[in-house]
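J.: I'd like to go over a predicted model; first the sequence, then the structure.
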Amino acid sequence: MPTDRTAIDTITGYYYQFDYYILQLLNCSNGCDEVCIEAIEDVDIRSADETTAVQCKYYAKTEYNHSVIAKPIRLMLDHFKQNTTNRDNIYYKLYGHFQCGQSKLTQPISLSFLKEKFLTYTKDRVKHEHHIDLNLSDAELSQFLKHLTVNIEAVELSTQKRTIITKLKGLFRCSEFEAEYYYYNNALRVVRDLSTKQNIQERTISSRDFKEKINSKTELFDIWFLDFKGKQEYCRAIKQAYFTALNISPYARFFLIDCDGAISEPDIKSIILKIFRNWSKLSSREPKPFCPYIYLHGTSEQTILNIKKALQDDNVYFADGYDFKGADFKAKSIVRKPCAQNGIKLKFITELEQIDNILGEISTTKIIYQFFLDAPYYRNESIQMHLIKIPSTDCINKMI
């Protein structure tokens with residue numbers, strides 16, 4: 001059973017390989033070029049004329065020694081031996097990052113060095129010479145060396161990721177946050193899903209198709225990535241991206257909150273009060289007073305009623321579009337401007353279907369912040385909307 005640290009190192013290694021895979025797809029100049037994960041090697045890069053099989057190794061805490069890469073090179077040689085009809089069109093690459101020791105490897109690799117350091121080994125006290133076991137001639141080994149590239153000075157994980165983020169920002173013309181938490185996240189999800197497929201063709205994707213698949217801000221959000229990043233860091237990134245403005249413009253802001261089964265009524269109330277404190281200006285001196293609209297999704301009518309009562313008990317008065325008991329909902333009622341005279345501090349939306357009617361009555365700038373657990377539950381292409389994935393409802397308190 002691996003220790004927690006060993007597990008983290010293993011996951012880091014997967015990320016390094018996945019990132020390399022993503023980078024190759026982003027680097028393809030021809031949209032038809034294909035990349036396959038877990039085929040001949042960890043990553044296969046295929047153009048119309050040739051295939052490069054790449055073995056990725058990430059040993060950020062390990063000193064380089066020839067023995068560490070010897071087995072991967074022997075496995076590449078195994079493929080070279082078996083591939084008797086197409087050797088000229090297949091290339092092999094070992095791409096590795098090590099803590100130190102890179103100077104031990106002198107390049108280009110000579111035939112004698114290949115035999116001595118990589119192909120000769122001892123197992124169960126028995127000496128093996130892999131090239132002899134495979135019955136390969138010196139001419140064939142020399143041909144293999146011409147098709148082999150060994151890079152043990154590959155960039156470290158964060159540098160490789162930074163290159164990906166920069167490329168995604170350019171490709172989708174997006175912010176740093178969107179590049180990492182949406183497009184990069186989506187890329188990881190696509191790669192991880194491909195890696196689980198049984199058939200090689202199903203693990204293969206063209207550069208063009210890959211870019212189309214990751215061009216989404218929500219649908220592919222991967223909780224695996226969120227766990228690796230850490231919820232605290234994710235919440236800080238959301239806050240930095242959306243909720244750090246010092247001078248708040250008098251816009252109509254809608255906060256749509258997806259409520260999970262774990263969140264309590266007092267905690268929901270706490271989130272609402274924090275939104276009210278941070279995103280309203282109601283002073284009599286304010287020329288354009290404003291307050292936020294709140295909608296709670298996925299919770300019961302009784303819970304909503306209890307929260308309304310609790311807000312009222314705290315003298316937090318709100319408009320909800322119902323002017324008297326038994327009245328029908330009126331969008332014109334809920335959009336009334338808050339002021340010292342009417343005492344409105346919040347706008348409480350009771351039903352999802354009311355949002356479109358409310359938006360239609362507002363002439364000022366409108367912004368929607370939709371916090372969702374699994375998938376977005378409200379769509380409106382005509383309004384500026386920020387779709388924010390949340391691992392749990394209580395995380396919102398750390399974001400706003």
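T.: Happy to help now that I have it.

J.: so which residues of the stretch 301-400 of the chain form helices?
T.: Under the criterion DSSP state H, counting those that start in this stretch, the stretch 301-400 of the chain contains helices at 301-313, 331-334, 354-360, 396-399.

J.: contacts for the last one, please.
T.: Which is helix 396-399. Under the contact criterion C-beta atoms under 8 Å, 6 or more residues apart in numbering, helix 396-399 has outside partners 232, 235-236, 238-239, 242-243, 257, 267, 270-271, 274, 371, 388, 390. Glycine gets a C-beta too; all of them are placed from N, C-alpha and C.

J.: buried residues in that helix?
T.: Ile396, Met399 (16 or more other C-beta atoms under 10 Å).

J.: swap in the second one?
T.: Residues of helix 331-334 classed as buried by neighbour count (16+ other C-beta under 10 Å): Ala331, Ser333, Ile334.

J.: what is it packed up against?
T.: Here helix 331-334 touches helix 354-360, going by 3 or more C-beta pairs under 8 Å, 6 or more residues apart in numbering; DSSP states H and E.

J.: count of residues packed around the spatially closest residue to Phe98 that is not a sequence neighbour?
T.: Nearest residue to Phe98, sequence neighbours excluded (C-beta to C-beta, 6 or more residues apart in numbering): Tyr64, at 4.0 Å. Residues within reach of Tyr64, counting by other C-beta atoms under 10 Å, total 21.

J.: Tyr64 against Lys117, yeah?
T.: No - because the distance of 12.0 Å does not satisfy C-beta atoms under 8 Å, Tyr64 is recorded as not touching Lys117.

J.: and the next helix or strand past the longest helix seen in the chain?
T.: In the chain, ranked by residue count with DSSP state H as the criterion, the top helix is helix 4-27. Downstream of helix 4-27, the first helix or strand assigned by DSSP states H and E is strand 34-37.

J.: who are the packing partners of whichever helix or strand comes after that next one?
T.: Taking DSSP H and E as the definition, the helix or strand that follows strand 34-37 towards the C-terminus is strand 43-46. Taking 3+ C-beta pairs under 8 Å, 6+ apart as the contact definition, the neighbouring helices and strands of strand 43-46 are helix 4-27, strand 34-37, strand 51-63.

J.: which residues sit against strand 43-46?
T.: Strand 43-46 is touched from outside by 17, 20-21, 24, 33-37, 51-54, 56, 204, with contacts defined as C-beta under 8 Å, 6+ apart.

J.: just the CA coordinates for that strand, please, in CSV.
T.: Taking only C-alpha atoms (Å, rounded to 0.1, in the frame of the first residue of the first chain), the coordinates of strand 43-46 have been written out as CSV:
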residue,chain,number,x,y,z
VAL,A,43,2.3,9.3,-26.0
ASP,A,44,2.4,8.7,-29.7
ILE,A,45,2.5,11.7,-32.1
ARG,A,46,1.4,10.8,-35.6
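
J.: give the pairing partners of that strand; include direction for each.
T.: strand 34-37 (antiparallel), strand 51-63 (antiparallel) (DSSP bridges).

J.: what about that strand, average pLDDT?
T.: Here strand 43-46 scores 87 as its mean pLDDT.

J.: ok, stretch 238-258 next?
T.: On average, the pLDDT along stretch 238-258 is 88.

J.: give me the buried positions along that stretch.
T.: Taking 16+ other C-beta under 10 Å as the neighbour-count basis, stretch 238-258 is seen to contain the buried residues Ile238, Ala241, Tyr251, Ala252, Arg253, Phe254, Phe255, Leu256, Ile257, Asp258.

J.: list the residues that contact the last one.
T.: What that stands for is Asp258. Asp258 makes contact with His297, Gly298, Phe371, Phe372, Leu373, Tyr377, Ile390, Thr393, according to C-beta under 8 Å, 6+ apart.

J.: again, only this time at 6 Å
T.: His297, Gly298, Phe371, Phe372, Leu373 (C-beta atoms under 6 Å, 6 or more residues apart in numbering).
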